[in-house]
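Asks: sequence below, structure please.
(chains A and B)
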Amino acid sequence: MESRTETIREAGGPDSGAVRSLVVIPAYNEEKSLGSVLTRVKEMCPHFDYLVVNDGSTDATATVARNGGAHVVSLPFNSGVGCATKAGLLYAERNGYDLAVVLDADGQHDPVSIPDLVRPILEGKADVVLGSRYGPEGQQSDVPWIRRVGHAYLTAILQLLTGRSICDPMSGFRAVGRRALWFYVSDNFPDDFPDANVVLMQHRAGIRLIEVPAVFHPRTTGLSQHRGPLRPLLYLIRATLAILMVLLRPKPRKESLP
Amino acid sequence: MNPPPTDALRLTTHQQLVVVILSILLLLFIVYLVRRRAIREEYSILWLAAGIFIVIATVFYDVTIFIARLFGAVAPTTAVFSLGILFLVVLNIQMTVVLSRQTAQINRMTRELALLSERLEQVEGKQEGEIKSQK
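Replies: Numbers count the residues shown, from 1 in each chain, chains lettered A, B, ... in the order given. Predicted coordinates for the structure are as follows:
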């Protein structure tokens, strides 16, 4: 715990000067949970900047974010989490940040894991780090079985195609280093269906992607997008098609940016 | 070999008249919409082509019979329905392509607008701060 915080202090602190880091929180009607998430984020990463991407909320999300000391970028209407994430990372890229951490506003992603996500990038071992629900000792018990089956299936496909083992490819908890930001702000990063296919895209783009265990909490407010018996199945079919589509396209290249 | 369509399958003058009048009404409606800029010209071409084709296929019914033979269809009506469905499918695909492109453009503009608004707020906030400190 102590060493984690020190790594962050050294990395993002005013003494080091070099590394500028941003926490990006896409939020749609999350006035209830956003405040405590911001408080936790500031506790864990006192030298980061904080950005809340207000995705057309109809509640007080933007006010909660400002009061919590975050910069606020407001989309004029609800455009989906993919679009909001892209806006946040575009902000990071345009403002010259060296790395950005994306986490959910609903409290599912525990900021306590941010130092673990950031460290491999600071050490130059990875360009993108995904936070995984699954710890090194095996599977986390509170992941529903149907989601676990889905993860196992997607993991197997990705293993086959990339030779890498990514256990939680649907995780939205991630750290993105400067070397990978171009990908997230380009047309390559889909703002409609960003998930397991993005892992494959990044692999093909030559982005070094790794996964580290992170602390997750069951959501306290709002509803999962994967509820119901049929949705997970449809989701997996869509995800499979999306992966196949990635294979049909040319590899993403940094030079092809508009 | 397909038997040639018989004269029983030919259109009566009455039928031809009805179809031609309807097609011309369709064409006029499309032209009216384009004139009012309710349809962009680039999207009107497919509709105009369809309207003109219907007129030709009705007046010169041999064209329809020729197409039916080309399809291997016994009755010209089958060919007409097949072509109609094909046209609607192509049109729908075109709509989806346009819709996808526009969604991408809207999302991109949404992000740019959001970032610009934030930037403007920052700049204006700074200026206000400077003005206050000068006073």
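
Asks: which stretches of the stretch 151-258 of chain A have low pLDDT?
Replies: A:194, A:219-229, A:255-258 (pLDDT under 70).

Asks: can you list the residues of it near chain B?
Replies: Counting by Cβ under 8 Å from any Cβ of the partner chain, the positions of the stretch 151-258 of chain A adjacent to chain B are A:D187, A:D191, A:D192. In short, each C-beta sits where N, CA and C put it, glycine included.

Asks: hmm, 10 Å instead?
Replies: The stretch 151-258 of chain A comes close to chain B at residues A:V185, A:D187, A:P190, A:D191, A:D192, as judged by Cβ under 10 Å from any Cβ of the partner chain.

Asks: ranking by neighbours, what's the top pick from those?
Replies: Neighbour counts for these (other Cβ atoms under 10 Å in any protein chain shown) peak at A:D191, which has 21 neighbours.

Asks: now for it: which residues touch it?
Replies: A:79-87, B:103-104, B:107-108, B:110-111 (Cβ atoms under 10 Å, 6 or more residues apart in numbering or on different chains).

Asks: where does it fall, phi/psi-wise?
Replies: Note on A:D191: backbone dihedrals following degrees, to the nearest 10 are phi -90, psi 0.

Asks: what about whatever residue of chain B ends up closest to chain A, helix or strand, and which?
Replies: Of all residues in chain B, B:R111 sits closest to chain A, at 4.2 Å by Cβ to the nearest Cβ. Assigned by DSSP states H and E, B:R111 falls within helix B:76-134.

Asks: who's in contact with A:Y91?
Replies: Counting by Cβ under 10 Å, 6+ apart, A:Y91 has contacts A:22, A:24, A:49, A:51, A:53, A:71, A:73, A:97, A:100, A:185, B:111, B:114-115, B:118-119.

Asks: quick check: chain neighbours aside, which residue is closest to the residue of chain B closest to chain A?
Replies: The shortest distance from B:R111 to any non-neighbouring residue, by Cβ to Cβ, 6 or more residues apart in numbering or on different chains, is to A:A87 (4.2 Å).

Asks: identify each buried residue in the helix or strand containing that neighbour, please.
Replies: In this structure, A:A87 sits in helix A:81-94 according to DSSP H and E. Going by neighbour count (16 or more other Cβ atoms under 10 Å in any protein chain shown), the buried part of helix A:81-94 is A:81-93.

Asks: now do stretch B:33-42
Replies: B:V34, B:I39.

Asks: now B:L70: closest residue in space, sequence neighbours ignored.
Replies: B:A79 (7.9 Å).

Asks: great, nothing more from me.
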